[in-house]
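# how would this look folded up:
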Amino acid sequence: MGTAKPKLKKKPHAAAEAAADKAKTLLDSAQQIWMAGLGAFGRAQEEGGKLFEGLVREGMTLEQKTRRFATGKVDVARDAVENTVAQVKERATDTWDRLEKVFEDRVSRALGKLGVPGRDEMQALIDRVEELNRAVRTLGGAPAKAGKRAGKRPAKKAAKRAKSAPSA
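You can find the predicted model right below:
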């Protein structure tokens, strides 16, 4: 039994060496991971500003594209609204013109039924009066004053004239 004990002593020593090797490997791996993390952190610090600036430029480009797109859509919508307003305005004007024409026709018919002369009849009358005035002037007489009718003198003025007239 004496021979078995030294084997046991070798095993713990070999196991300890294996554990130490594993611990060293694990420690080396942890140190490499730590160094890689520090390297990534350093690179992020160096390139982070560049990355941030790149993202800002990309955001500005996207904003400009969005504004152009939105402005285009707003212009299209504005044009559509303006066209619709113009059409409604035109229809309203046409409707108003038709309504005005109907009103004028009805008023003209009503005035005609009442015997009131129309525009054309009044113009013909004015033209005839002017023609007669010219004829009177040509004959050498003074045209009659507008608004007075012959033979419609007030009674007082007629009586006064009769008294002042010489009696013959």
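
# Could I get the full set of helices for the protein?
4-114, 119-139, 155-164 (DSSP state H).

# Just the CA atoms of the second one, as CSV, please.
Output of helix 119-139 as CSV, limited to C-alpha atoms (Å, rounded to 0.1, in the frame of the first residue of the first chain):
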residue,chain,number,x,y,z
ARG,A,119,-85.4,101.5,-72.2
ASP,A,120,-85.6,101.3,-76.0
GLU,A,121,-88.9,103.2,-76.1
MET,A,122,-87.5,105.9,-73.8
GLN,A,123,-84.4,106.3,-76.0
ALA,A,124,-86.6,106.6,-79.1
LEU,A,125,-88.6,109.3,-77.4
ILE,A,126,-85.5,111.2,-76.3
ASP,A,127,-84.2,110.9,-79.9
ARG,A,128,-87.5,112.2,-81.3
VAL,A,129,-87.5,115.2,-78.8
GLU,A,130,-83.9,116.1,-79.8
GLU,A,131,-85.0,115.9,-83.5
LEU,A,132,-87.9,118.2,-82.9
ASN,A,133,-85.7,120.7,-81.0
ARG,A,134,-83.3,120.8,-84.0
ALA,A,135,-86.3,121.4,-86.3
VAL,A,136,-87.5,124.2,-84.1
ARG,A,137,-84.1,125.8,-84.1
THR,A,138,-83.9,125.5,-87.8
LEU,A,139,-87.2,127.3,-88.2
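
# Just the buried residues of it, please?
Buried residues in helix 119-139, counting neighbours by 16 or more other Cβ atoms under 10 Å, are absent. For glycine as for every other residue, the C-beta is placed from the backbone atoms N, C-alpha and C.

# Comparing the helices of the chain by mean pLDDT, which bottoms out?
Note on those: lowest mean pLDDT is at helix 155-164, with a mean of 50.

# Can you report phi and psi for residue 115?
phi 90, psi 10 (degrees, to the nearest 10).

# tell me the centre residue of the chain?
Closest to where the C-alpha atoms of the chain average out (Cα atoms, centre = their mean) is residue 78, at 5.3 Å.

# That one and residue 44, how far apart?
Distance of residue 78 to residue 44, given as Cβ to Cβ, to the nearest Å: 47 Å.

# next one: residue 85
For residue 85 relative to residue 44 (Cβ to Cβ), the value is 57 Å.

# swap in residue 101?
With Cβ to Cβ as the criterion, residue 101 and residue 44 are 82 Å apart.

# ok, now residue 121?
100 Å.

# go on, residue 125?
Separation of residue 125 from residue 44 (Cβ to Cβ): 103 Å.

# And residue 98, by the same measure?
Residue 98 is 77 Å from residue 44, by Cβ to Cβ.
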